[in-house]
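Sequence and predicted structure are below.
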Amino acid sequence: MSPKAQVAEPIGQDRSRSLREPVAVTPELCGLYGSGYRPCPTPNPSLQLVLSSEREIDLIDLEQLCDAVGWSRRPLRRVRRALQNSLLRVGLWRHDPRVPKLVGFARCTGDGVVEATVWDVAVHPHYQGAGLGKQLMAYVLEHLQRMEVERVSLFADPDVVAFYEGQGWELEPMGRRCAFWYAP
């Protein structure tokens, strides 16, 4: 399947503007994203973004996000199984009361007690550069901490390893693809 053409409103790179106040917690948003959702502040006052581990991830939306970040396609049946077998799935949604749009994603596998591994972290290029990847990872780690997971690893492409190092992840000795986070 080819992805539908998507027009996204860029967040913008204007760092002189302060982040807008996040979306208020409402019953409408709880209905769309679940009770554990978190609004994400953005520098664009007309943009509402929401993190959720409870809203179902649509496979076509996920495929379009992966296409946008330049990842190779995977068979949808395998992606469905991977999501079903994941310990945690988190979406970053551009809020629209009719059709929320998936603009970021991460998932974790593991035992949910001692170890977890973060996979497939992606933020649509139109939304990069405004700290949303950091908010996404903070949300993921908070969920894993509530599960009392002690050690989290992640595998990332070499060109983004520095992003994780800047957030306090410890790099593997060669510093190429793997990083670790330990519970305080």
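Arrived safely, thanks for sending.

Report the separation between residue 84 and residue 165.
Counting by Cβ to Cβ, to the nearest Å, the gap between residue 84 and residue 165 amounts to 32 Å. For the C-beta atoms, the positions are set from N, CA and C on the backbone; glycine is no exception.

With neighbour numbers in mind, choose between the two.
Neighbour comparison, residue 84 and residue 165: the larger count goes to residue 165, with 14 against 8 (by other Cβ atoms under 10 Å).

need the longest helix for this structure.
Counting residues, the longest helix found in the chain (DSSP state H) is helix 132-146.

for that helix, which positions count as buried?
For helix 132-146, burial by neighbour count (16 or more other Cβ atoms under 10 Å) applies to 132-133, 135-137, 139-141, 143-144.

cool, and stretch 33-41?
33, 37-41.

Can I get it in CSV, CA atoms only?
Output of stretch 33-41 as CSV, limited to C-alpha atoms (Å, rounded to 0.1, in the frame of the first residue of the first chain):
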residue,chain,number,x,y,z
TYR,A,33,-6.3,8.8,24.3
GLY,A,34,-7.1,7.0,27.6
SER,A,35,-6.8,8.3,31.2
GLY,A,36,-3.0,8.2,31.2
TYR,A,37,-2.5,10.6,28.3
ARG,A,38,-0.2,13.6,28.6
PRO,A,39,-0.5,16.8,26.6
CYS,A,40,2.8,18.0,25.1
PRO,A,41,3.7,21.7,25.1
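
what mean pLDDT would you report for it?
For stretch 33-41, mean pLDDT is 92.

circling back: I'd like to know which of the buried residues of stretch 33-41 are part of strands.
Secondary structure of the buried residues of stretch 33-41 is defined by DSSP state E; positions in strands are 38-40.

remind me which residues of this protein are low pLDDT?
1-25, 175-176 (pLDDT under 70).

can you pull out the helices in it?
Counting by DSSP H, the chain forms helices over residues 27-33, 59-68, 76-84, 132-146, 161-165, given from the N-terminal end onward.

just how off-centre is the third one within its chain?
Averaging C-alpha coordinates over helix 76-84 and over its chain gives two centres that are 17 Å apart (Cα atoms, centre = their mean, to the nearest Å).

And it, what does it pack against?
Where contact means 3 or more Cβ pairs under 8 Å, 6 or more residues apart in numbering; DSSP states H and E, helix 76-84 is packed against helix 59-68.

CA atoms only for the helix it packs on, dumped as PDB, please.
Backbone C-alpha positions of helix 59-68 (Å, rounded to 0.1, in the frame of the first residue of the first chain) are rendered in PDB as follows:
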ATOM      1  CA  LEU A  59      -0.900   0.100  11.300                       C
ATOM      2  CA  ILE A  60      -1.300   2.300   8.200                       C
ATOM      3  CA  ASP A  61      -0.600   5.400  10.300                       C
ATOM      4  CA  LEU A  62       2.500   3.700  11.700                       C
ATOM      5  CA  GLU A  63       3.700   2.700   8.300                       C
ATOM      6  CA  GLN A  64       3.300   6.300   7.000                       C
ATOM      7  CA  LEU A  65       5.300   7.600  10.000                       C
ATOM      8  CA  CYS A  66       8.100   5.000   9.300                       C
ATOM      9  CA  ASP A  67       8.100   6.000   5.600                       C
ATOM     10  CA  ALA A  68       8.400   9.700   6.600                       C
END
